[in-house]
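Student: give the three-dimensional model of this entry:
(chains A and B)
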Number of protein chains: 2
Amino acid sequence: MINVVLIGAGNVATHLFKGFSRTEKVSVVQWFNRNLEAINQHKNSVEITDNLNDLKEADVYILAVSDDAIAELSTQLPFENRLVVHTSGCVNVHNLDKKHKRGVLYPLQTFSKDAKVDFAHVPICIETIDKKSYPLLKELALSLGSPTKRVNSNQRRVLHLAAVFVNNFTNQLFRIGHEITESEGTEFDLLKPLIMETAKKVQDMSPYMAQTGPAKRDDQKTINEHLKLLDNEHHKTIYELLTASIQHTHGRKKL
Amino acid sequence: MINVVLIGAGNVATHLFKGFSRTEKVSVVQWFNRNLEAINQHKNSVEITDNLNDLKEADVYILAVSDDAIAELSTQLPFENRLVVHTSGCVNVHNLDKKHKRGVLYPLQTFSKDAKVDFAHVPICIETIDKKSYPLLKELALSLGSPTKRVNSNQRRVLHLAAVFVNNFTNQLFRIGHEITESEGTEFDLLKPLIMETAKKVQDMSPYMAQTGPAKRDDQKTINEHLKLLDNEHHKTIYELLTASIQHTHGRKKL
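Tutor: Sure thing, here's the model as predicted:
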């Protein structure tokens, strides 16, 4: 049984709490948040506190708080030489106070407040400074049913960066698709199956092999028609840049 | 029973043939291709021909050929006043020879040669010049199990343009994610669940509501770290442009 103290009340903390509650291999012995109200609804299933001096002893303290709060909070923890991890994709593990054994549990997924999370689809990237801490963190991630991957700091930062491309930027392309369709009185809904298929395709095939469309075919006629159709200058710039990017990837043109 | 003559041998033609073969409401009475070899494997289930003069009478002729071939091929068809449709997202319906009754059946989906197609996830956009042709085309699309939508030429062109954003451009972002991760010795595979979740999220939520990440939060520290991490100038340009796009959408900045 791994004893965990959870710190923070955001999406990651909440989903971790629910995930740990489903397994017998982990016990959340305490949940801390500065603002008790945010976790008050869970007080019947876990001990809650807003006082760092009341923190219980545990095998691991998980700081699932905003990036900016990690360093200071780790310094404020009134103990040392215990395992303290954060869950951020881009904060250096050395930002945790060096009085602790330090590590990172980075869940590589997007969490929504209300959506249920299936941890089988949440790869957890593990980093530790002290090698001895690794098996416990791995066991913790496996107890959620997550795939795990040991990474170093640079790999984690790179994964976080790549996640911005495939998640935030992709979502912005969906937003532009939304704007374009609705502005002509047609429906974004018609694009939804295509969006799913685009994501599904690269589960078994490299994005390189999965590519299709006018940029890949170097179909300048269609490209020109699309550019004429776009009346938003900003959308036009994005169209040109990503078209050039595809043409470069597929050997059509130099950038 | 709707009698169909299929023309062309690409992905769309092949998947339409398979789709029509599964329903009793449609009979593919003939399949034409200039190069017989491409459809020869189907000769036991359908009459095949490479001679336009041998074309049989049918309720509808479906030109599932490359965009550039549509106009000329429609002129070469040795009959008139019959319903002839193409399947392109961006070719004007008036490019079909005006001796025919003209229409479009545009399947808004990406097709791979080998992947099985579930037409329940292929919205078919229908356009006709002659209103009387619409019910037959709708019945044809419904027989495949597809959702249908009547569109005009401009809406179809706009859907095709939006599809480039949500499919081709999105896939290019996956490609960049692939390049970034592999260049640091980590694995693109770790991003696959996130890619699926990103697509799933917008099935029930607007892309606007689904957005997260440093650009939306206006987290300039993380944005700067990411830019420092990117050593490919081209990737950097894409990062900056899409970050600005998100900031604009979410009211953070003017473009």
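Student: and stretch A:215-225, what's buried?
Tutor: For stretch A:215-225, the neighbour count (16 or more other C-beta atoms under 10 Å in any protein chain shown) marks A:A215, A:K216, A:R217, A:D219, A:T222, A:I223, A:E225 as buried. (Each C-beta comes from the backbone N, C-alpha and C, glycine too.)
Student: looking at those residues, which are in strands?
Tutor: Among the buried residues of stretch A:215-225, DSSP state E puts none in strands.
Student: make TSV from those residues and add pLDDT and distance to A:V166 to it.
Tutor: Below are the buried residues of stretch A:215-225 laid out as TSV (pLDDT from 0 to 100; distance: C-beta to C-beta, whole Å):
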residue	pLDDT	distance to A:V166
A:A215	96	18
A:K216	95	19
A:R217	91	24
A:D219	92	25
A:T222	94	26
A:I223	96	24
A:E225	94	28
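Student: can you tell me which of those are up against chain B?
Tutor: The residues of the buried residues of stretch A:215-225 that also fall near chain B, by C-beta under 8 Å from any C-beta of the partner chain, are A:A215, A:K216, A:D219, A:T222, A:E225.
Student: quick one: which of the buried residues of stretch A:215-225 is nearest to A:K131?
Tutor: Proximity of those to A:K131 was ranked by C-beta to C-beta; the top entry is A:K216 with 45.5 Å.
Student: isn't that closest one up against B:N168?
Tutor: Yes - assessed by C-beta atoms under 8 Å, A:K216 is found in contact with B:N168 at 7.1 Å.
Student: what is in contact with these two at once?
Tutor: When contacts are counted by C-beta atoms under 8 Å, 6 or more residues apart in numbering or on different chains, A:K216 and B:N168 are jointly contacted by A:I246.
Student: and the ones next to chain B among the buried residues of stretch A:215-225 as JSON lines, adding distance to A:V164?
Tutor: Formatted as JSON lines, those follow (distance: C-beta to C-beta, whole Å):
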{"residue": "A:A215", "distance to A:V164": "22"}
{"residue": "A:K216", "distance to A:V164": "24"}
{"residue": "A:D219", "distance to A:V164": "30"}
{"residue": "A:T222", "distance to A:V164": "29"}
{"residue": "A:E225", "distance to A:V164": "31"}
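Student: may I ask which two of those are separated the most?
Tutor: Longest distance between any two of those is 16.4 Å, between A:K216 and A:E225; criterion C-beta to C-beta.
Student: where do the strands sit along the stretch 151-255 of chain A?
Tutor: Assigned by DSSP state E, counting those that start in this stretch, the stretch 151-255 of chain A shows no strands.
Student: where does pLDDT dip in it?
Tutor: For the stretch 151-255 of chain A, applying pLDDT under 70 flags the ranges A:252-255.
Student: so which of the ones next to chain B among the buried residues of stretch A:215-225 is the closest to A:F119?
Tutor: The shortest approach to A:F119 among these belongs to A:K216, at 36.1 Å (C-beta to C-beta).
Student: ok, the closest one - contacts?
Tutor: A:I246, A:Q247, A:H250, A:R252, B:N168.
Student: so which of those residues wins on neighbours?
Tutor: Scoring the contacts of A:K216 on neighbours with other C-beta atoms under 10 Å in any protein chain shown, the highest-scoring entry is A:I246 at 24 neighbours.
Student: from B:T170, how far off is that residue?
Tutor: Per C-beta to C-beta, to the nearest Å, A:I246 is found 11 Å from B:T170.
Student: ok, A:T148 next?
Tutor: Relative to B:T170, A:T148 is positioned 28 Å away (C-beta to C-beta).
Student: compare these two (neighbour count), which wins?
Tutor: Between A:T148 and B:T170, counted using other C-beta under 10 Å, B:T170 has the larger neighbour count: 29 against 18.
Student: what's the local residue count around A:H248?
Tutor: Around A:H248 there are 15 other residues, counting by other C-beta under 10 Å.
Student: and stretch A:33-49, what's buried?
Tutor: Neighbour-count burial for stretch A:33-49 flags A:N33, A:A38, A:I39, A:H42, A:V46, A:I48, A:T49 (criterion: 16+ other C-beta under 10 Å).
Student: what's the average pLDDT for that stretch?
Tutor: Across stretch A:33-49, pLDDT averages out at 96.
Student: for the stretch 151-255 of chain A, just list every one of the helices.
Tutor: In the stretch 151-255 of chain A, the segments counted as helices under DSSP state H, counting those that start in this stretch are A:153-163, A:170-183, A:192-204, A:207-210, A:214-217, A:220-229, A:233-249.
Student: before we move on, what about the stretch 1-150 of chain A?
Tutor: Using DSSP H, counting those that start in this stretch, helices in the stretch 1-150 of chain A cover A:11-21, A:70-76, A:134-143.
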